[in-house]
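[1] this one's sequence-less:
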């Protein structure tokens with residue numbers, strides 16, 4: 001458990017900090033064996049070619065929404081149909097299990113994790129595809145309708161704890177007790193190999209963007225919970241485009257684990273109330289993601305609940321319906337005032353009913 005940052009003010013609109021660790025990173029404050037995010041998409045592309053459900057998702061040139069926001073260009077990488085699971089998360093845990101299968105280690109294996117949403121679906125789908133078993137721990141706040149979706153794919157669902165962090169602790173204990181493979185989308189001291197590979201799966205998303213986009217963006221908006229998607233996408237963007245794009249990480253005001261850690265200069269927990277941005281409502285950062293984003297991100301912003309909902313509604317009005325989590329990057333644009341010359345890339349990370 002990380003040290004908490006207490007006494008943070010709630011309300012008052014979007015907050016933004018510039019990253020004082022840009023390019024330098026926070027390596028001295030992190031365990032020496034913590035890896036940076038991967039930028040090698042070769043194995044991801046190899047395995048996705050063998051997957052019948054792994055079609056490329058579209059990059060939408062959202063001109064009407066760009067005009068509404070006063071931007072020059074706005075591209076939206078639309079992950080709502082990814083592999084039939086409705087989320088970018090399909091690229092993560094299922095990719096780890098696919099790698100295990102290629103190495104002959106997945107069949108009849110049991111994978112256990114905690115989930116607040118789409119990560120659990122990816123674990124369940126990957127396990128079902130490769131003859132493995134999935135055990136998913138859900139906190140008390142996760143709707144039963146989601147538990148039924150997991151069961152429909154063949155997963156065993158267990159309830160534990162009032163929040164995500166408690167359910168993850170229960171999953172880790174079960175892994176040790178029952179000999180299962182823990183497959184988290186976060187990382188912490190001593191637990192790096194599987195989350196590092198999981199984040200590598202997300203590189204497929206950016207690899208597609210590089211083929212689809214017609215010019216380099218000036219700004220990239222990346223929503224973050226524990227930071228896996230943001231960390232992977234930012235590392236890929238720096239490898240492809242260098243320092244030119246400004247990368248801005250977006251979090252809920254109720255769970256600014258990355259912003260708080262960047263401010264403190266070390267990994268910290270950021271406790272707070274439950275957020276409507278449920279998939280981003282994570283109070284502790286992934287260490288791998290934090291290591292990458294401390295180096296690669298230019299700024300961090302937080303959204304209030306009202307800002308997240310307003311941005312979600314605006315996106316839906318322009319045919320980009322999602323959840324407050326999935327549209328958080330788009331929601332941040334209303335408060336950033338990037339200007340008519342800005343060429344912005346955002347990720348619509350999940351479908352509206354995810």
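    Received the coordinates, thanks. From a predicted model like this one, the values you see are computed outputs, not experimental measurements.
[2] next, residue 81: phi, psi?
    With angles defined as degrees, to the nearest 10, residue 81 sits at phi -110, psi 10.
[3] that one - how many residues pack around it?
    By the criterion of other C-beta atoms under 10 Å, residue 81 has 14 neighbours. C-betas here are computed from N, CA, C, even on glycine.
[4] wouldn't it be in contact with residue 57 here?
    Yes: using C-beta atoms under 8 Å, residue 81 is in contact with residue 57, at 6.3 Å.
[5] show me what the helix-or-strand element of the chain with minimal mean pLDDT packs onto, helices and strands only.
    Lowest on mean pLDDT, DSSP states H and E among the helices and strands of the chain sits helix 42-49, with a mean of 82. The contact analysis (3 or more C-beta pairs under 8 Å, 6 or more residues apart in numbering; DSSP states H and E) places helix 42-49 against helix 93-102, helix 193-201, helix 203-212.
[6] now do the following helix or strand past that helix: everything it contacts.
    Remark: after helix 42-49, the chain's next helix or strand is strand 59-61, criterion DSSP states H and E. Under the contact criterion C-beta atoms under 8 Å, 6 or more residues apart in numbering, strand 59-61 has outside partners 73-78, 208-209, 212-213, 320.
[7] in strand 59-61, what's buried?
    Applying a neighbour-count criterion of 16 or more other C-beta atoms under 10 Å, one finds 59-60 buried in strand 59-61.
[8] what do you get for stretch 136-146?
    136-139, 142, 146.
[9] where is pLDDT lowest across those residues?
    On pLDDT alone, residue 142 ranks lowest of the buried residues of stretch 136-146, at 84.
[10] that one: what secondary structure?
    Following DSSP: H, G, I helix; E, B strand; the rest coil, residue 142 is assigned to coil.
[11] over to the one 3 residues further on?
    When states are read from three-state DSSP, the local structure at residue 145 comes out as helix.
[12] can you pull the pLDDT of it?
    Residue 145 carries a pLDDT score of 88 in this model.
[13] and if you look at residue 19?
    pLDDT, residue 19: 98.
[14] right, and it touches residue 292 too?
    No: the pair residue 19 / residue 292 is not scored as a contact, 11.9 Å apart, by C-beta under 8 Å.
[15] how about the helices and strands packed on helix 42-49 in a markdown table, adding mean neighbour count and mean pLDDT?
    What follows is the helices and strands packed on helix 42-49, written out as a markdown table (neighbours: other C-beta atoms under 10 Å; pLDDT from 0 to 100):
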| stretch | mean neighbour count | mean pLDDT |
| --- | --- | --- |
| helix 93-102 | 24 | 91 |
| helix 193-201 | 23 | 95 |
| helix 203-212 | 19 | 96 |
